[in-house]
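Colleague: need a structure here:
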Amino acid sequence: MAKKARSEVAEAASKPVNEQVRFWVGEVEAALKREKAYRKEARGLIEVYEAEEGEGADIPFNILFSNTETLAPALYSQPPRPDSQPRSKVENPVATAGAGLVDAYLTTFIDSGDARYLDFHTAINGAVIHALVPGRGLVRLHYKAKVERNEEQEPTKLLDESVFLEQLDWDKVVFGYAKTWAAVPWVAFIHTFTKEEAEDELGKEIAGKLTYERPKNPDGETEARTTSEETATVATLYEVWHRQSKKVLWVEACGGETFVKAPFDDPYQLEQFYPIPEPLQFFQRISCFIPVPLYRLYKQQAQELNRITRRITKLIEAMKIRGFYDSNVEGLEKIFESEENTLIALTSLAALGQGAKAENAIWLVPIEKYVVVLQQLIVQRQQIKTVIYEIMGIADIMRGSTMASETLGAQELKNKWGTLRLKRGQNAVATFIRNTLRLAAELGLSKLSDETIRQMTGSGLPRQAEMDQVEQQIQLGGQPPPPEVQAKMALPTFEEALTLCRTDILRRYLIDIETNSTIDADASEDKADMGEFFNALSQFLNGLVPLLEKGLMPMEVLKATLMAMAKRFRLGRELAPSLLQIGQGQPQGAAANEQAKKQLEEQGKQLAEAQKKVQVETEKVAKEQQKLAKDRMSFELAQAQAQVQATIKELQSQMKDAKAKAQLDSMLLKIQAATERMNMAAQAASEQEEGAAHESAESPEKEASGE
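Modeller: This is a model prediction of the structure:
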């Protein structure tokens, strides 16, 4: 059928313009007819969700709203953080620089702060709500530029440009027949313009030729766009993007003889052609591409839930205190009018006869049977809710309710399996966001000017002109540039990285654009994951690092094994860029051995020089110590001699006996001879030490000269 459609389109392209216009109007109307039942159902679901008049007017238990508000934050709750990395493990500086450029651009794109356009978080959140209720979530990328023109209407100056995201209504897009997104032959965007809007968007000349009428819903009934536009008239236009011809065509819904705009070539040159990612749908059909609202899966249970809730309401209304009383007993009717803890005097009870009781004068309608039925209905309603939650995979813990008797293990089990049921939906949202960011990167980096991209990314990569200027200065001056300039010259240029980002094949093969988790992580799960990761990391390092130190395992094998282990943990994936830096700057193999050998030789030379310096300083200190010892010895010897002479003189003056004096003189001669021998021995020792020191000082010089 797809081949037949392509052949019909090719055949229509060769026909006159008026027939081409009618052909495309017929194609869009046929696609709307295929989706007529779905669109009618989806409109009713929106009325239910928003509690509007119509199907949503009499919904006593709005389970659709409850489920949507429970699932939406579990599927998407916070803007993503882009994570662009080179795909190849082979070191490629240009790919690394390009990935950094993409990452910085997407970070700014997600949170640009431009108040003119819808912010990224609101657009994605709206798409998730649309996917949960009517069954289809859509966003579209736009590029707009404001330029200054001369008298000949030629662009002379770029004033402003931007790439922004638009959330599309689920019913404002129509698809050509296909079973999968990859096979969709064309996409049509439905626009409804008032005359003023058409003049602003298309120009006064085109706006004046359009037909304006009351808008119609998919059933063909005329309706207002909003309650304040009941009398508004609009022109309905189809903007058709045809993939095979790479053309964009504008036709009016009511037909006509010409195109609203002359068909023009693909304005964005996107790889997938369409300016929208694959629509977000949580129910994947096999037979066709028409969405299935999730409400359809539990519609019967929801209707039964509403019926039981209505019956409960009626029973509660019927359970009133009603009955009869004997009018002969005066004041009995005042019992039901009195306030709490009030006593009323009963004066005529005796009129009923001897032994009469007050309770015999009142008969109340029995409500015991109502109570039994009411209890059964409440139990049945709870069972129906349980069935709906099982169909949708919503656990009690996700709804914030539990039973006091439940154990922690039971709650964790419910949370675990409820989360597993949501994994597919979470993955669908993550894929939708990733595809949107890839389109945004492709469109922005290809259409925006170099200067705009540099300002948005804050890139520090050198420009090619700067590199050329530095090279010219080196050639003229002959002096090497400063270290910081040399480090900057080692980086790829901004133009090289941008060229890679603007080339579809290179970008697709060399750069992987992903996002982090877009849902609120459970704190206990994060802590458990962190603990398991660090325990595994500790065991890993304790087991393999000794092998690395002994040279039995190369660093690359260690890093590859570590990365394989880290990818099994959420925290490990976040730390992957840091883990890859292990061993950076440490070459492996023969080059590493050669470098280590040179380093050892250099360290040996430095050590030998240090030893020489130490030896010289040691000898110098030894000489100074010897000199100090010699001076000290001479000083002490002189002091001893002076003391001996003084003692001798004192003894001589005291000696009167000639014989004793002669003995003293003999003793003094012996002392003098011993002192002279001590002086000669000290002098000989000093000369010997000086000779040894001289020989030790000459030995390094002889070794250096090879003697």
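Colleague: Where is the longest strand in this protein?
Modeller: strand 155-168 (DSSP state E).
Colleague: Which elements pack onto it?
Modeller: helix 120-132, strand 138-149, helix 408-447 (3 or more Cβ pairs under 8 Å, 6 or more residues apart in numbering; DSSP states H and E). The C-beta positions use only the backbone N, C-alpha and C, and glycine is treated the same way.
Colleague: Next, the angle from it to strand 138-149.
Modeller: Taking axes from the mean of the first three to the mean of the last three Cα atoms, to 10 degrees, strand 155-168 and strand 138-149 form an angle of 160 degrees between their directions.
Colleague: buried ones in strand 155-168?
Modeller: Neighbour-count burial for strand 155-168, with 16 or more other Cβ atoms under 10 Å as criterion, is recorded at 162-165, 167-168.
Colleague: swap in stretch 308-326?
Modeller: Here stretch 308-326 shows 308-309, 311-312, 315, 326 as buried, counting by 16+ other Cβ under 10 Å.
Colleague: got it, and stretch 30-41?
Modeller: Residues 31-32, 34-35, 38-39, 41 are the ones in stretch 30-41 that count as buried (16+ other Cβ under 10 Å).
Colleague: do stretch 254-272 as well
Modeller: For stretch 254-272, burial by neighbour count (16+ other Cβ under 10 Å) applies to 256, 259-260, 263, 266, 268, 270, 272.
Colleague: Equivalent analysis for stretch 72-91, please.
Modeller: Buried residues in stretch 72-91, counted by 16+ other Cβ under 10 Å: 72, 74-76, 79-80, 82-86.
Colleague: Quick one: mean pLDDT over stretch 299-319.
Modeller: The pLDDT scores in stretch 299-319 average 92.
Colleague: Can you flag which of the buried residues of stretch 254-272 belong to strands?
Modeller: Residues of the buried residues of stretch 254-272 located in strands (DSSP E): Pro263.
Colleague: Quickly name whichever of the buried residues of stretch 254-272 is closest to Gln539.
Modeller: For those, the closest approach to Gln539 (Cβ to Cβ) belongs to Gln272, at 45.0 Å.
Colleague: ok, that closest one - contacts?
Modeller: For Gln272, the contact set (Cβ atoms under 8 Å, 6 or more residues apart in numbering) comprises Leu439.
Colleague: let's number from 693 now, not from 1
Modeller: Sure, I'll start numbering at 693, so the last one becomes Gln964.
Colleague: I'd like to know how far it sits from Pro1174.
Modeller: Distance of Gln964 to Pro1174, computed by Cβ to Cβ, to the nearest Å: 47 Å.
Colleague: so what strands line up beside the longest strand of the chain?
Modeller: strand 830-841 (antiparallel) (DSSP bridges).
Colleague: what's the partner strand in contact with?
Modeller: 815-816, 819, 822, 847-862, 864-865, 881, 959-960, 967-969, 971-972, 1128, 1131-1132, 1135-1136, 1139-1140.
Colleague: So for it, mean pLDDT?
Modeller: Rounded to a whole number, the mean pLDDT of strand 830-841 is 92.
Colleague: rewinding a little: which is the next helix or strand following the longest strand of the chain?
Modeller: As assigned by DSSP states H and E, the chain's next helix or strand after strand 847-860 is strand 865-867.
Colleague: What is the next helix or strand after that following strand packed up against?
Modeller: For strand 865-867, the following helix or strand on the C-terminal side (DSSP H and E) is strand 878-885. Using 3+ Cβ pairs under 8 Å, 6+ apart as the contact criterion, the elements in contact with strand 878-885 are helix 709-726, strand 865-867, helix 887-894, strand 927-934.
Colleague: before we move on, back to that, JSON lines please, covering the buried residues of stretch 1000-1018 and showing secondary structure and distance to Ser937.
Modeller: Shown next, in JSON lines, are the buried residues of stretch 1000-1018 (DSSP: H, G, I helix; E, B strand; the rest coil; distance: Cβ to Cβ, whole Å):
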{"residue": "Ile1000", "secondary structure": "helix", "distance to Ser937": "56"}
{"residue": "Thr1001", "secondary structure": "helix", "distance to Ser937": "55"}
{"residue": "Arg1003", "secondary structure": "helix", "distance to Ser937": "60"}
{"residue": "Ile1004", "secondary structure": "helix", "distance to Ser937": "60"}
{"residue": "Leu1007", "secondary structure": "helix", "distance to Ser937": "65"}
{"residue": "Asp1018", "secondary structure": "coil", "distance to Ser937": "93"}
